[in-house]
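> My questions are about this predicted structure, shown below with the sequence.
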Amino acid sequence: MHLDDERESEYVEDRRDEGGDYFGNEDPFEGRRYGGGNYGGGPFGGGGGLGGGLLGGLLGGILGGILSRPRNEEPPPQGGSASGGGWGHGGGGPGEGNPYGGQPQNRPGMSLGGKIAVAIALIAALVLLYLLLSPATPPAQVPSPRSQVGQGPMPRMQQQAPPPARQVNPANDPQAALVTEMKKVLAKTEDTWDVLFQQTGGQYRRPRLVLYTGSTPTACGQGQAAMGPFYCPGDQKVYLDLRFFTEMERRFKAGGDFARAYVIAHEIGHHVQTLTGVMQKTNAMRQRMSKTEYNKVSVRLELQADCYAGVWAHHANRAKPFLDPGDVEEALKAANAIGDDTLQRAARGAVVPDSFTHGTSEQRMRWFKTGFDNGRVGACDTFSQPI
């Protein structure tokens, strides 16, 4: 694919952070954030790192040192120690937490009620200190933006303003060439769909491509990079963490510039479905169907987006040739790698057709090829013909 003299789209929103050029986890597609992992626990959830260790240790030391020691006692033998939990320690040997230097003697006593009062006051102070030093607990999980594509009613929530992201310095941006490629691919989808909509008396409303790192707010909920690229009909934007392409090549063995273009074109296909009302109709259908029944509708929706990706490639290449030999095979290889049957077989060693939501590898390749070979939008009607 050669795009050297192509224009760059202005509809790209860059929310990336500096240094987001690699996956932090070995397998980011297991429900984890890239480079993040999970929170280690809430204030009372069994440990919160250093704070949890300090609290456990100090509580152990207080209770052990105050409540368990009678009025008149001998200290522990020299060299002995009583440990609390975590980082804290209770009494110790001579000179280590024993104000009487390890020598047996009578000392002023304190009533049990007084000991309890002191212990409660100290515990309350420690809990307050821990809460002030501990990180906030994570927000409740929200539905995956991908689940909003053709599933459930169209989102109506107001889009959240994106958090301020550090501007990436182009001179130090390891993804600079990839960003430029994405802008040029998006521009070619704009040019093609502008014309195709005009031919039917319509007007193409251009979507935005949001580049982000890790997570970002969307009108469909909090977007996470582990979901892969997705389209949100609520704000009509495509969301992409560019590190997905590295993972696509490493894990799915589906690399190449046109394979990346196919991914973008597929998500733009979902935008076309929103503009033509297909997305809204399938959302309405979902309300009357079981999950298994709707999965079949979802497969048809996804295969149509694959077909639309082929239609785009057909017309874009005819208007201004940009494909190199082997490019179409790259796209087909990518479609084959992400078929439901291929992914399920690799993950669990078995295939469950009723759970398919995107189509088999053969179906995805065939519908992309259908769109690419004849270039007719009408040929992509996956809802009225066998798939």
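Looks like it arrived, so ask away. Numbering: from 1, shown residues only.

> What helix or strand is Asp14 located in?
Per DSSP states H and E: Asp14 is located in strand 12-15.

> Could you list every helix and strand in contact with that strand?
helix 176-199, strand 208-212 (3 or more CB pairs under 8 Å, 6 or more residues apart in numbering; DSSP states H and E). Heads up, the C-betas are built off the backbone N, CA and C, glycines and all.

> mind redoing it with 10 Å?
On a contact count with 3 or more CB pairs under 10 Å, 6 or more residues apart in numbering; DSSP states H and E, strand 12-15 meets helix 176-199, strand 208-212, strand 215-218, strand 237-240.

> winner for burial among these?
Of all the helices and strands packed on strand 12-15, strand 237-240 carries the top mean neighbour count, a mean of 26, counting by mean count of other CB atoms under 10 Å.

> C-terminal to it, what's the next element?
As assigned by DSSP H and E, the chain's next helix or strand after strand 237-240 is helix 243-252.

> next helix or strand past that next one?
Immediately after helix 243-252, counting by DSSP H and E, sits helix 257-276.

> what's the average pLDDT for that following helix?
In this model, helix 257-276 carries a mean pLDDT of 96.

> now swap in stretch 288-306 and tell me
Confidence over stretch 288-306 (mean pLDDT, whole number) is 94.

> and it, which residues are buried?
Of the residues in stretch 288-306, those buried under the neighbour-count criterion (16 or more other CB atoms under 10 Å) are 294-295, 297-306.

> okay, these in CSV with secondary structure next?
Shown next, in CSV, are these (DSSP: H, G, I helix; E, B strand; the rest coil):
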residue, secondary structure
Tyr294, helix
Asn295, helix
Val297, helix
Ser298, helix
Val299, helix
Arg300, helix
Leu301, helix
Glu302, helix
Leu303, helix
Gln304, helix
Ala305, helix
Asp306, helix
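
> so can I have a markdown table of those showing distance to Val351?
Formatted as a markdown table, these follow (distance: CB to CB, whole Å):
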| residue | distance to Val351 |
| --- | --- |
| Tyr294 | 19 |
| Asn295 | 14 |
| Val297 | 20 |
| Ser298 | 17 |
| Val299 | 14 |
| Arg300 | 19 |
| Leu301 | 20 |
| Glu302 | 17 |
| Leu303 | 17 |
| Gln304 | 22 |
| Ala305 | 22 |
| Asp306 | 19 |
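
> Go through the residues you listed and name the one nearest Arg205.
Nearest to Arg205, judged by CB to CB, of the buried residues of stretch 288-306 is Ala305 at 17.0 Å.

> residue contacts, the closest one?
Ala305 sits next to 149-150, 231, 265-273, 278, 358, 364, 367-368, 371, 380, 382 when contact means CB atoms under 10 Å, 6 or more residues apart in numbering.

> which stretches of this protein have low pLDDT?
In the predicted model of the chain, residues 18-170 satisfy pLDDT under 70.

> where along it do the helices fall?
For the chain, the helices defined by DSSP state H occupy 50-62, 112-133, 176-199, 243-252, 257-276, 278-286, 291-319, 327-337, 340-348, 361-374.

> Report how many residues lie close to Arg243.
Neighbour count for Arg243, taken as other CB atoms under 10 Å: 22.

> meant to ask about His2, not that
For His2, using other CB under 10 Å, the count is 11.

> right, and it touches Pro325 too?
No. Between His2 and Pro325 there is no contact, the gap being 11.5 Å when judged by CB atoms under 10 Å.

> which residues are in contact with both of these two?
With contacts defined as CB under 10 Å, 6+ apart, no residue is shared by His2 and Pro325.

> just to revisit the earlier point, of all the helices and strands packed on strand 12-15, which one comes closest to Glu6?
Nearest to Glu6, of all the helices and strands packed on strand 12-15, is helix 176-199, at 4.4 Å by CB to CB.

> send the alpha carbons of that closest one over as PDB?
Taking Å, rounded to 0.1, in the frame of the first residue of the first chain, the C-alpha atoms of helix 176-199 are listed here in PDB:
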ATOM      1  CA  ALA A 176       4.700   9.100  14.300                       C
ATOM      2  CA  ALA A 177       4.700   7.200  11.000                       C
ATOM      3  CA  LEU A 178       1.800   5.000  12.100                       C
ATOM      4  CA  VAL A 179      -0.200   8.100  13.100                       C
ATOM      5  CA  THR A 180       0.400   9.600   9.600                       C
ATOM      6  CA  GLU A 181      -0.700   6.300   8.000                       C
ATOM      7  CA  MET A 182      -3.900   6.300  10.000                       C
ATOM      8  CA  LYS A 183      -4.700   9.900   9.000                       C
ATOM      9  CA  LYS A 184      -4.100   9.000   5.300                       C
ATOM     10  CA  VAL A 185      -6.300   5.800   5.500                       C
ATOM     11  CA  LEU A 186      -9.000   7.800   7.200                       C
ATOM     12  CA  ALA A 187      -8.800  10.400   4.500                       C
ATOM     13  CA  LYS A 188      -9.300   7.800   1.800                       C
ATOM     14  CA  THR A 189     -12.400   6.400   3.600                       C
ATOM     15  CA  GLU A 190     -13.800   9.900   3.700                       C
ATOM     16  CA  ASP A 191     -13.200  10.500   0.000                       C
ATOM     17  CA  THR A 192     -14.700   7.200  -1.000                       C
ATOM     18  CA  TRP A 193     -17.800   7.400   1.200                       C
ATOM     19  CA  ASP A 194     -18.400  11.000   0.300                       C
ATOM     20  CA  VAL A 195     -18.800  10.000  -3.300                       C
ATOM     21  CA  LEU A 196     -20.900   6.900  -2.600                       C
ATOM     22  CA  PHE A 197     -23.300   8.700  -0.500                       C
ATOM     23  CA  GLN A 198     -23.600  11.500  -3.000                       C
ATOM     24  CA  GLN A 199     -24.400   9.000  -5.700                       C
END
